[in-house]
Structure formats: C-alpha cells, structure tokens
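my questions concern the predicted model and sequence given below.
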Amino acid sequence: MRNIVSAHIIARRVALAMVASLALPGAAPAATVSLLNVSYDPTRELYKDINTAFARQWKAKTGDDVVINQSHGGSGKQARSVIDGLQADVVTLALAYDIDAIAEKAQLLPTTWQARMPENSTPYYSTIVFLVRKGNPKAIRDWDDLVKPGVQVITPNPKTSGGARWNFLAAWGYAQKKYGSPKAAQDFVTKLYKNVPVLDSGARGSTTTFAERGLGDVLLAWENEATLANKELGAGKFEVVVPSVSIRAEPPVAVIDKVVDKRGTRKVAEAYLNYLYTPEAQEIIARDGYRPVNKAVAAKYAGNFPNVSLFTIDHNFGGWKKTQTLFFNDGGLFDQIFDAAKR
Amino acid sequence: MNRRNGLLQRRASIIPGFGLTFGITLFALCVLVLVPLSAVFVKTAGMGWQAYADVALSSRALKAYKLSFGASAIAASINAVFGLMTAWVLVRYDFAGKRVISALVDLPFALPTAVAGIALTALYAPNGWLGRWLVPHGIEVAFHPLGIVVALTFVGLPFVVRTVEPVLADLGADVEEAAASLGASRFQTFRRVIFPAIAPALATGFALAFARAVGEYGSVIFIAGNMPYKSEIAPLLIIIQLEQFNYAGATAIAATMLVASFLLLLAINLLQGWQRRRMAS
C-alpha cells in the first residue's frame, strides 16, 4: 500500500514540477521552490496543516512560493529510501535512530545533527497511552494491568515499527522504575508480550487490528494516534487511558545537508524546520494532537494533554544507539523474550 | 519430440534465426534475472560464514522457512486439487455464467495482494463474517498459521487452472469415449487416460503456485499474526533485517530461500521430464 502512496506522491511531484517549470519563465519576480519532507505515517494531517501555514508565511516574508511535498510511510522504510537516494530536503521521522542511520550509512548529514536545533531537534513530542474498549471492561488503569492473565494487548512489532519501540521502552521504563532492576523489567515485558496475540508490522496495522477486527482489550499507541483513532474510528467505542508513567516519545527533525546543498534549498529548508518552533506552528501542532514544546502554547492547550510523568530515552536508556543494540537488534532483549518462550 | 535427436533437429529447423533469438534470450535473462539475483549472492558472500549462519540459519529463521515452505506446499496442493476441478468444469461443461467464472479465476492475479490480505483478514477475524462462525468452534484462521495457508491458496489458484485448462481442452472428449467403449470404468478412464496426459501441466501449475506462495509477502502479512516461532514467514524476516539497516542479513535470508526454491523447482522439473519420458516410451 505504501508503494502505491509513494508512487502517487512521485506522480504528484512530477506534475507539480511540470506546473512549476511552466510557471517559472513568467515575468513575475516570485520564484517557486519545492521541498520534499520525508516523514512517517501518522504525521500526514499535521504536515498538511503546517505546510499551508508555512507557505503563506514564506510568501509574505520573501515573496517566493514554496511547495512542500510530503512522503509518508513506516519510519525505518522512509529512512532507507533516503539512504538509497530519495532526495529529501528535510526528514521528520519517528525516532532519532532512523536519522542516525541516514547520517552513518549514507553520510548525508553530520552525526551530530541532533544538537543543531532546540529541544534535541524535537519541535513536538508525544507519549504512549492505552486505548481501551468503551466502559473499560477489563479495568485497565496502568501498566500493571497489562500483564494480568486474560488481558490481550495489541502492539506492533518493534523490529519493524519505530513506534512500537517506544511502546516497548515505555513498558520497560515503567517496570524498571517500579520494580528496580533490569531483570525485573525484563520479566515484566516478557509477561506483557505473552499477552500479545498479534504483532502487526506497523502502528496503523495494529490500530486496524484493534479497532476494526475487534482483537484485544487494549491498544498501545501514541497519544496523537489514540486521540485520532478515538475520534475517527467510532466515537464512543473506545476510551483513552493515560498511565501513571510513560515515555517522552520524541520524533526529531533534520535538514539533509547533502541534498539541500545540491538543490540549493538550504535557506528555505532551515526556515521550514525553524518555523515548527514558532508559536503559530506550535498551535497547529497542539491542535493536531502532538504535545508542543513551547511553554506558552503548552499551557494554553494543557486541557488536551493529561499530566503524566515522562521519562526520556536519553536519561533512562542512554540514547537510541545503545538502546537499539541492547533491545532491538538481532539477539537483543526483545528477541530473547520469544527465544525463551517459543522454542 | 525424441530427445536423442534434439541437436540434429535444431540444425534441421526450417525457421532460421536460432543464433539471434538465443542471444537475445540469454541477454534478457541476464539483465532481468541473473544480474539482480547474483547481486543477492555477492552481497551475501561479503559476510563471513559465522555472520551468515547467525542470521540465516538461526532457529527462528529455520522455523520461518519451515512455515513458509510448508504452508506454500499445502496451499499449492489444495490448489492442485481444486484448480484441476475448476479447469475440468470450465473445459468440459457449458453453463450460464461460464465467462464470469472464468474471469473470477484470474482475479487473484490482478488484485493487489495487500487488498487480498486485508479482505481475507476482515473475513476470518473473530468478528468477521466467517470468523464469527468458525472461532467458536475452535477453528482460528486469521492471525494463525492456517490463515497463511488460506492467503497463499488464494494467490496461487489461477496458476493450476490456467496451466491445466488448455491441456484438458486439447485432450478432447473422444479420448474418454474411446476409453469407455473399450470397457474402462470412469475411474479407470481418469486414472489411466486423462491423468497421465495432464500430469505434466498439473505439476507445472503446482510448481508455479508453490513458487508464488514462497515469496508472497503482501497478503500474508495482514492475516498471519507474525508471532516469532509461530506465524512468522521468512519474507518477514527479510523485512526485519532491512528495518535494522542490515542489508547483508536481508540478502543472506533471501539467498537461502532462493537456493531452497531453486532446488525444489529443479526437482519438480526433473520429475516432469522423467514423467514425460515414461509417457513417451
């Protein structure tokens, strides 16, 4: 399905490029620039809103037209496309590890990219919450309720889904905080994943399994996804439950240096990402269900985002590189859960 | 037809241009098949034996191969039986709506496999039209290995029907009538007259359906459940390796599957050749 989407996007890009090239030779001084923002799945609506607002602002400021094309798909798959040559001016992915991979495998940007922009290059964040069925029949209030016998948990495969890695780490972080040792945390997540009947390959797949196929008692999801699913897949059929502790899920953004320098789009690409931190963009972000980093905007929308104690990947796990190797690579702690149980 | 005269026959062919067409064939095969496939092996060869074994011969990978090849074999067998029946009905009988049925057979070819997977999952999920009745009786299809077989059977159906159909049509009803007039029972007619004639085509259809099923990803991924050691197919392991940016690991599993598939298809081909020779003598 994603291929169809990206083929569609390519077709649209070609069409836009043709329109742009027709428009260019005109006498008007305004130039048209295009940017490609390679993002992950659930940001489709967010960037549609952001792009319109940024184009308006850029036109007012410089007189130039800017067309921002969006590409969406699984975060890891998107990173691979950029590594394999997709000309992304900016990437806005689900986790820093995927942008690290672009920096390391293809050297398209410096490995220190995350220090270049405020807040760890993360203009918005989210957290992992529970989506349960109406009336919460299994009385699921916190992480401990997920490991009870007879509770079915729906979450995608962390090996194929960036979003699912946040789910896994959220559970792990909770258990480590509550029970103290890494060993206890491992026992906890092992029990949790024994309650998982299906491992979909992506977050949207899991949402479908839970909402449409009626499987499971609780869906682990990003807060913005849970809110969206609650709204769009049947109001009144589900409830969002916010656990006591969760992870600060940080989807970072970066300019792809090699691409913007080649295409001559550095100025507008940097302005685009900086725009995300402005109060105007932060308002859009908050309205689309992501938590804004701007304090004033966050205070204004505090009612939308329940208070929850959040830990970070850097503080609790020592960053993505370490986490990926320890937990999610072949033979890592996630694989060990199944190696022990299913042999 | 006679194999021993194969070389002579080529020289005596009345249609010229063997050299040219053979050259083009070789070139096309190289560009379309050999080069991409050898890239897989070159990439795999770059990793050491230990690294290869860790990825491609782990107990989890072995389990996935077993599931992929096993489910494919079952699906292809089901297709061999029902595909033969469908071909039989389409060739031997005239009935209203025959064209429609014939077109329906090809639908699995045309449908994007993801659509097939999603549709089948919706159907067999515990709240689906079929799943609602099956699950209470303990028959779980969606998110279990059985679902994989169902999806693979769906995508493989046209292969057997379309390979057997022309052979059956060629056979003609007069052969059956001759057998009957010589005193053969209906079963004997099928077993000794019809089956030997269509067996090579049936084997080809089986092999095609099997090969298609082994590599299938799009439809299976939605219905399989994807649990390691239980319902995880080998192509998913390749995707998992890619998600880790481990290109070599992905090609290691791909190369292993390629070799296994090639050996199986070669065996089927040899079997077919042997069968044909036995028929000829």
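It's in. Residues are numbered from 1 along each chain as shown, chains lettered A, B, ... in the order given.

now the residue nearest to the spatial centre of chain B. Nearest residue, chain neighbours left out?
Most central in chain B under CA atoms, centre = their mean is B:A209, positioned 1.8 Å from the mean C-alpha point. Excluding the flanking residues, the one nearest B:A209 by CB to CB, 6 or more residues apart in numbering or on different chains is B:G156, at 3.4 Å. C-betas here are computed from N, CA, C, even on glycine.

wait, the one you found sits on B:F82?
No. The criterion here is CB atoms under 8 Å, and B:G156 misses it with B:F82 at 10.4 Å.

more neighbours: which of these two?
Between B:G156 and B:F82, counted using other CB atoms under 10 Å in any protein chain shown, the more crowded position is B:G156 (26 against 14).

where's that one relative to B:A80, distance?
B:G156 sits 9 Å away from B:A80, going by CB to CB, to the nearest Å.

which neighbours do the two have in common?
In terms of CB atoms under 8 Å, 6 or more residues apart in numbering or on different chains, B:G156 and B:A80 are both contacted by the residues B:A209.

which SSE is the residue nearest the centre of chain A in?
Nearest residue to the geometric centre of chain A (CA atoms, centre = their mean): A:A94, 3.2 Å. Assessed by DSSP states H and E, A:A94 sits outside every helix and strand.

residues contacting it?
By CB under 8 Å, 6+ apart, the contact list for A:A94 reads A:40, A:75, A:162-163, A:166, A:251.

now do 6 Å
Neighbour list for A:A94: A:40, A:75, A:162-163, A:251 [criterion: CB atoms under 6 Å, 6 or more residues apart in numbering or on different chains].

and for residue 105, nearest residue in space, chain neighbours not counted?
Here I'm looking at chain A. Excluding the flanking residues, the one nearest A:K105 by CB to CB, 6+ apart is A:I83, at 5.1 Å.

to clarify, I was referring to chain B.
Closest to B:V105 by CB to CB, 6+ apart is B:V161, at 5.0 Å.

Three-state assignment for A:L36, please.
Here A:L36 takes the strand state, with states given by DSSP: H, G, I helix; E, B strand; the rest coil.

do the host helix or strand of A:K321 and chain B meet?
Element membership for A:K321 (DSSP H and E) is helix A:320-323. No. Shown here: helix A:320-323 not in contact with chain B (CB under 6 Å from any CB of the partner chain), separated by at least 12.1 Å.

which parts of that helix are buried?
Within helix A:320-323, the residues that count as buried by 16 or more other CB atoms under 10 Å in any protein chain shown are A:320, A:323.

from the chain's centre, how far out does it sit?
17 Å (CA atoms, centre = their mean, to the nearest Å).

can you pull the alpha-carbon coordinates of that helix into PDB?
Extracted in PDB, the C-alpha atoms of helix A:320-323 (Å, rounded to 0.1, in the frame of the first residue of the first chain):
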ATOM      1  CA  TRP A 320      19.000   5.400  20.800                       C
ATOM      2  CA  LYS A 321      22.200   3.800  19.600                       C
ATOM      3  CA  LYS A 322      22.700   2.000  22.800                       C
ATOM      4  CA  THR A 323      19.000   1.100  23.100                       C
END
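
list the buried residues in the next helix or strand after it.
Next helix or strand after helix A:320-323 toward the C-terminus (DSSP H and E): helix A:333-342. Using 16+ other CB under 10 Å as the test for burial, helix A:333-342 gives A:333-335, A:337-338.

same check, this time on stretch A:294-307
For stretch A:294-307, by 16+ other CB under 10 Å, it's A:294, A:297-298, A:301, A:305.

what does chain B have sitting close to chain A?
Along chain B, the residues adjacent to chain A under the rule CB under 6 Å from any CB are B:114, B:125, B:127, B:143, B:221, B:225-229, B:240, B:243-245.

measure B:S181 to A:W113 for me?
Separation of B:S181 from A:W113 (CB to CB): 84 Å.

hmm, I typed the wrong one, I wanted A:Q70.
21 Å.

which one's more surrounded, these two?
A:W113 (22 against 19).

you'd agree that one is up against A:A254?
Yes. Shown here, A:W113 and A:A254 form a contact pair, counting by CB atoms under 6 Å, at 4.8 Å.

now the helices for the stretch 1-150 of chain A?
Here the stretch 1-150 of chain A has its helices, by DSSP state H, counting those that start in this stretch, at A:2-23, A:44-62, A:75-83, A:96-105, A:118-121.

what about the residue nearest to B:V105, distance to chain A?
28 Å (CB to the nearest CB, to the nearest Å).

do I have it right that that residue meets B:W88?
No. Counting by CB under 6 Å, B:V161 does not reach B:W88; the two are 9.7 Å apart.

so the chain: which segments form each domain?
As the question left the chain open, I've gone with chain A. Following automatic domain parsing, chain A resolves into domains at A:2-122+A:251-277, A:125-249+A:307-342.

wrong one, chain B
B:14-45, B:48-280.

alright, calling it a day.
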